[in-house]
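*Asks:* Task: produce atomic coordinates for the following.
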Amino acid sequence: MSDFAAIDSLLASLTPRPELPEPHLRRALREQAGLSKAQVARALGVNPSTVTGWETGRDPSGELRTKYAYLLDALAAKLAPPAPDQGDETDPAQDARDESAARDEPAPAASGEADGDALAAPEPCVLCGQPARHQVAGFPQHLDPAECATPTSATAPHTPATAPHTPATAPRTTATDRSERAATEPAGPAGPARAQPAARRTRPTPDTGPPDQITAAVTEALTRHEGDMEAATAALVKRAIPDAMALLDATRKGGRYDVVAHPWIPDILRKQTARGADQVWEARPKWARPGLPPGRHEVTALDINGAYLSALKTHLPIGQLEHSSGNTHDRRRAGVHLVTPAAWDHDAHLPNPIGNRDEPGPLWITEPTLRLLLRLSGPKYGLCDPPEIHESYTSGATENLLEKFRVALKDARDTAIAEGDEVTLEYVKAMYSKFVSTMGESNYNRELYRPDWMHLIRSQAFANLWMKAYKAHDEGLTPVRVMGTDELHVIGDWRRVFPEGRGVYEVKVKDVYSVGTEPADPAAAGQDDDTDD
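*Replies:* Model (predicted):
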């Protein structure tokens, strides 16, 4: 009997896991209460990015889940409209609607205006999205089925219409709530909840992938600005940062790793002064060939498309950086490293892979720069000695942490180019460029504080550019200048080396100019050419 008593005691100690509303309802409750993510995060002892995750699909566990459910219950109770005093706790019409909602059937309409409250101004019906003049249980609805758009109509709108926030629900476990969850879901990557087309609301939404968020945002902006492409583009660029964060959250659903958005950061990654820089060297190239072959040459300035977009595929530390010392490199980890680079003896033909640096001695470099130096010191290239590593700040890493995010942006960019859609093209460009530039110490992005990621992604873009310069040199072209993030100047038939176009893996011509002088004696020039051959 004692064994069974112990089991009974164990079972009695278990408490049921509190139920949580759908993610978009969590956000709606918080916003209607006028609470910021930071306020909720402080109350629960988490980071604002954690609250973002809970509002976009992730669920808390353990004690945090209990606290979060308690908060949402309290918000729902405070924001719920007062119940009418009908003298009877049962409402046959509501019971019928509850039973229909539980069976995923259309709820029967109320028999007359007495079953719904009149609205001061029409609001979108939660079932069809069209203007309704009454609300039932706090939700705008048509009372007459004939007025409500047919859910399976072939003419259902395909563009989301902006709608006010869905009113706060009563207790989450009611069938009305389940019906409301099926009836509404967010259409765009950020901003207020939007009503979805009826055909989507009445059956499970197919997994069409993150790029649909980009399409929905562009469609909504063009609709709001009545087709004015310039105004729509300006509005989309303005909201590029929160939209990029929402897209990141969407692409992280089901991921193997939880992103640590606000980790502890070592002092080397903190700005030394308010307008200064931290101690990390990104190896940005700024190189011009010291000497050119004799004669007059045509130089083509090539523009590397989507440099930062391609650089999103790099080894990024997942968690908090940890300190280590010693001349060792673990390829399963990534971060920043204090190294003494080896001498570089090829500046006449190729830029130094650590960029232009005036001061000798150790410096802090990023993972992409270190991996490039180690690669160039290997037997395949043999261009330099390996750097000496003194200490590192690293964490377990993966190259695919942002891969779905990158692919979503790349696919949207490719489609926009193919369709001549300049609005989407500028919007996508703003999303990935601002995403990279604001994840450090920026007031424009409070949801992600990873200056280590910012440095690593930029350095990966510079390393990619260096490798293109090497490929040009290796294929017989003459690199003339390598600078910035995406600029490579070469002499020679570059089209046999690099594909031309606007795609991410292609290059386009930025400028064509001439350098050098014609030889005074054409015969001498011919002799020089024979000698070169």
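*Asks:* Nearest spatial neighbour of residue 399, chain-adjacent residues omitted?
*Replies:* Leaving aside its sequence neighbours, residue 399 sits nearest to residue 315 (CB to CB, 6 or more residues apart in numbering; 5.0 Å). Every residue, glycine included, has its C-beta placed from N, CA and C.
*Asks:* That neighbour against residue 395, yeah?
*Replies:* No. Using CB atoms under 8 Å as the test, residue 315 is too far from residue 395 to be in contact (10.4 Å).
*Asks:* Tell me where the model's unsure across the stretch 101-250 of the chain.
*Replies:* 101-116, 124-129, 136-211 (pLDDT under 70).
*Asks:* what do you get if the cut-off is 50, keeping everything else the same?
*Replies:* In the predicted model of the stretch 101-250 of the chain, residues 101-115, 149-209, 211 satisfy pLDDT under 50.
*Asks:* And the closest residue to residue 491 other than its chain neighbours, how far from residue 55?
*Replies:* Excluding its sequence neighbours, the residue lying closest to residue 491 (CB to CB, 6+ apart) is residue 478, at 4.0 Å. Distance, residue 478 to residue 55, using CB to CB, to the nearest Å: 54 Å.
*Asks:* Residue 217 and residue 243 touch, don't they?
*Replies:* Yes. The criterion here is CB under 8 Å, and residue 217 meets it with residue 243 at 6.1 Å.
*Asks:* mind checking how far the residue nearest to residue 399 is from residue 322?
*Replies:* 15 Å.
*Asks:* Same question for residue 451.
*Replies:* 16 Å.
*Asks:* For the helix or strand hosting residue 63, output the C-alpha coordinates as CSV.
*Replies:* For residue 63, the host element (DSSP states H and E) is helix 62-79. What follows is helix 62-79, C-alpha atoms only, in CSV (Å, rounded to 0.1, in the frame of the first residue of the first chain):
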residue,chain,number,x,y,z
GLY,A,62,7.1,25.5,-16.7
GLU,A,63,6.5,28.3,-14.3
LEU,A,64,6.8,30.9,-17.1
ARG,A,65,3.9,29.3,-18.9
THR,A,66,1.8,29.5,-15.7
LYS,A,67,2.6,33.2,-15.2
TYR,A,68,2.0,34.1,-18.8
ALA,A,69,-1.3,32.3,-18.8
TYR,A,70,-2.3,34.2,-15.6
LEU,A,71,-1.4,37.5,-17.2
LEU,A,72,-3.4,36.8,-20.4
ASP,A,73,-6.4,35.6,-18.3
ALA,A,74,-6.4,38.8,-16.4
LEU,A,75,-6.1,40.9,-19.5
ALA,A,76,-9.0,39.1,-21.2
ALA,A,77,-11.1,39.6,-18.1
LYS,A,78,-10.4,43.3,-17.9
LEU,A,79,-10.9,43.9,-21.5
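*Asks:* hang on, the earlier thing: what is the neighbour count of the residue nearest to residue 491?
*Replies:* 16 (other CB atoms under 10 Å).
*Asks:* same thing with residue 513?
*Replies:* Neighbour number of residue 513 under other CB under 10 Å is 11.
*Asks:* For it, which non-adjacent residue is closest in space?
*Replies:* Closest to residue 513 by CB to CB, 6+ apart is residue 299, at 5.5 Å.
*Asks:* circling back: next up, the contacts around the residue nearest to residue 399.
*Replies:* 334, 367, 368, 371, 397, 398, 399, 456 (CB atoms under 8 Å, 6 or more residues apart in numbering).
*Asks:* so which of these is the most crowded?
*Replies:* That'd be residue 334 among the contacts of residue 315, by other CB under 10 Å, with 29 neighbours.
*Asks:* Report the contact partners of it.
*Replies:* 315, 316, 317, 367, 394, 395, 397, 456.
*Asks:* Show me what it is bridged to.
*Replies:* residue 395 (DSSP bridges).
*Asks:* Residue 441 is in contact with residue 448, correct?
*Replies:* No. Look at residue 448 against residue 441 with CB under 8 Å: they stay out of range, at 11.5 Å.
*Asks:* which one of those two has more residues nearby?
*Replies:* The neighbour count for residue 448 versus residue 441, taken as other CB under 10 Å, is higher for residue 448 (23 against 15).
*Asks:* Now do the phi/psi pair for the more buried one.
*Replies:* For residue 448, the backbone dihedrals (degrees, to the nearest 10) come out as phi -140, psi 120.
*Asks:* Show the contacting residues for it.
*Replies:* Residue 448 touches 49, 245, 248, 261, 262, 439, counting by CB under 8 Å, 6+ apart.
*Asks:* can you check residue 386 too?
*Replies:* 342, 373, 374, 377.
*Asks:* please redo it, this time with the cut-off set to 6 Å
*Replies:* Each residue near residue 386 by CB atoms under 6 Å, 6 or more residues apart in numbering is listed here: 374, 377.
*Asks:* What of residue 499?
*Replies:* residue 506 are the contacts of residue 499 under CB under 6 Å, 6+ apart.
*Asks:* From residue 392, how far out is it?
*Replies:* Taking CB to CB, one finds residue 499 at 37 Å from residue 392.
*Asks:* cool, and residue 227?
*Replies:* 53 Å.
*Asks:* Compare the two (neighbour count), which wins?
*Replies:* residue 392 (24 against 9).
*Asks:* the strands in the stretch 151-300 of the chain, which residues?
*Replies:* Assigned by DSSP state E, counting those that start in this stretch, the stretch 151-300 of the chain shows strands spanning 161-162, 194-195, 280-281, 286-288, 297-304.
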